[in-house]
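**Student:** quick one: sequence plus predicted model below, questions after.
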Amino acid sequence: MSQLNRLARTLINLSDRPILYWASVSGFHPSNVAGFLRGRETLSRENVARLLSVLSLDPDTLKLDPSRIHVWVVAVHEPETLKDAAEAYLESESWMTLVSPDPDGPGSLSQAPQVALLRSGNLRIVLLRKLFPTKMSETPLSQKAGTPWIRPSLIPGARWKAKGIASDEDAPPLLVPGPLLYDLVLGNVSIEHFDALMDKSAPWNWKDVEALAKKSGLTAREVAEIIRERSS
């Protein structure tokens, strides 16, 4: 049971939803779910299997459902949960792509969810950055849509889908229409659409730098210098 409650706790943490929500969806008393997550035997084996299934985890194989898009909410300053999930569910080789709203596309957004796509074997995962209240004068780039916020080096064995970029360097975001970005963070895209987006990943070019500069309120030269500094 100890492994099962650890796996369930990791997925609940990445969902960024309270225990009360998952207890309600499963039809269990919240105190029983909370007790199980703390390592107590407050759920029967049958009910544990139901909770795992609700979390899209097969109770027999302990593998995530490959037929759906998973959404993980990531607090980048607390990477342990993501690393635990990667160790438990991902294969030895994974691929990542940043996604950003197209500034010239329909429904362009000045502020938007910060998103990355992750593919590992037959799993497709949308990584959504969890934002915390900060003063707008602090780290101004951190609140801007499309700003690089995560790197594959955070996940063992992960690489950028775009070729020729080291996993500990920043990669250019893939520009998508604003409405599609919201569909991604809600998991409302097909597997085929997810894969098609990832396959469009490409290395840096000056159009990428100009787009990122436009979104960040900086010049292209300033963005290029930031990229060089973070890559050095």
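**Tutor:** Done, it's in.

**Student:** how does this structure divide into domains?
**Tutor:** 2-54, 69-231 (automatic domain parsing).

**Student:** select from those the stretch with the lowest mean pLDDT.
**Tutor:** Lowest mean pLDDT within these: domain 69-231, a mean of 80.

**Student:** what comes into contact with the longest helix along the chain?
**Tutor:** If you go by DSSP state H, the chain has its longest helix at helix 2-15. By Cβ atoms under 8 Å, 6 or more residues apart in numbering, the residues outside helix 2-15 that reach it are 19, 22, 36-39, 48, 51-52, 55-57, 62, 71-74, 81-82, 84-85, 88. In short, each C-beta sits where N, CA and C put it, glycine included.

**Student:** inside helices: which ones of those residues?
**Tutor:** 19, 22, 36-37, 48, 51-52, 81-82, 84-85, 88.

**Student:** and the furthest pair within those residues?
**Tutor:** 48 and 82 (23.7 Å; Cβ to Cβ).

**Student:** the protein: helices as residue ranges?
**Tutor:** 2-15, 19-26, 30-37, 45-54, 80-89, 178-185, 191-198, 206-216, 220-231.

**Student:** any chance of the ones you listed in JSON lines, plus mean neighbour count?
**Tutor:** Output for those, formatted as JSON lines (neighbours: other Cβ atoms under 10 Å):
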{"stretch": "helix 2-15", "mean neighbour count": "18"}
{"stretch": "helix 19-26", "mean neighbour count": "16"}
{"stretch": "helix 30-37", "mean neighbour count": "18"}
{"stretch": "helix 45-54", "mean neighbour count": "16"}
{"stretch": "helix 80-89", "mean neighbour count": "17"}
{"stretch": "helix 178-185", "mean neighbour count": "18"}
{"stretch": "helix 191-198", "mean neighbour count": "14"}
{"stretch": "helix 206-216", "mean neighbour count": "18"}
{"stretch": "helix 220-231", "mean neighbour count": "14"}
